[in-house]
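# mind looking at a prediction? Sequence and model below.
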Amino acid sequence: MNEVPEAGEKPSADRRPIAARQSRFAKRLTALLLKTPITPNQISVISIAFAAIGAAAILFAPRWPSLYLIALAGIQLRLLCNLLDGMVAVEGGRGSAVGPLYNEFPDRIADSLLIVALGYAAGAGWLGWAGALVAALTAYVRVFGGSLGQAQNFRGPMAKQHRMALMSVACVLALFEAALTTERLVLYVAAWIILAGSLFTCLTRTRAIVSRIQGATRP
């Protein structure tokens, strides 16, 4: 991904840039949620439940391929929760002092559930654990940059939305693969891409942090 700063990298906005926030669907759904007593933190926790459903579906999908569709739905609903919790908090004015914790911790749990399940479904459990670990590290590097007073860096090439997009595509392709063979090559390749891409993302984000530090110290 290029080095042009994204909208979420502005010092005053440590918020992941998501184009879908401007969609009519997202705005209408947010308006509906604001008519209920639901809180952004509750939506964040619900995202874990959808991730768990998706992870369980991925895990058993090699045996029952139709579960790939459930996995796909779980992933997308998890992402929808990630979109709506922020919109209800910011646009809806329901943010709380502990909101930043709920914005981060459920994401790490949801990511780990899905990526670890992907590894086991691919027949390489270690690959899933490694991918989940490095995916969490991408978030650590981002937040660490923020702790230094920098705008949080949401760039990829394997940020959260990219990982989930890849897993979604993998579920669709794996469904077709299952109709032709018992191999799980699609899942295996996807797990490796997540691991390698997340490692590279850690590198790009760390380089950006170092570059900003060096730029700030130059006379």
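Arrived safely, thanks for sending. Numbering: from 1, shown residues only.
# next up, the contacts around the residue most central in space within the chain.
For the chain, residue 160 is the residue whose C-alpha lies nearest the centre (CA atoms, centre = their mean; 2.7 Å). Residue 160 sits next to 16, 82, 107, 111, 135, 139 when contact means CB atoms under 8 Å, 6 or more residues apart in numbering. Glycine gets a C-beta too; all of them are placed from N, C-alpha and C.
# my guess is the last one contacts residue 110. True?
It stands for residue 139. No. In this structure, residue 139 is not within contact of residue 110 by CB atoms under 8 Å, at 11.6 Å.
# what's downstream of the helix or strand in which residue 139 is found, the next helix or strand?
Assigned by DSSP states H and E, residue 139 belongs to helix 125-147. Next along the chain after helix 125-147, taking DSSP H and E as the criterion, comes helix 160-180.
# tell me which residues in the helix or strand just after that following helix are buried?
Sequence order places helix 185-217 as the next helix or strand after helix 160-180, per DSSP H and E. Applying a neighbour-count criterion of 16 or more other CB atoms under 10 Å, one finds 186-188, 190-195, 197-202, 204-206, 208-209, 212 buried in helix 185-217.
# again with stretch 145-159
So stretch 145-159, judged by 16+ other CB under 10 Å, has buried residues 145, 150-156, 158-159.
# with stretch 48-64 instead?
Those would be 48, 50-59, 61-62, for stretch 48-64 by 16+ other CB under 10 Å.
# low-scoring stretches of this protein, by residue?
1-14, 218-219 (pLDDT under 70).
# and residue 16, what helix or strand is that in?
Going by DSSP H and E, residue 16 is not in any helix or strand.
# wait, isn't it in contact with residue 155?
No. The pair residue 16 and residue 155 fails to qualify as a contact (CB under 8 Å) at a distance of 10.6 Å.
# thinking again about what came up before, neighbour count for residue 139 and residue 110, which is higher?
residue 110 (27 against 21; other CB atoms under 10 Å).
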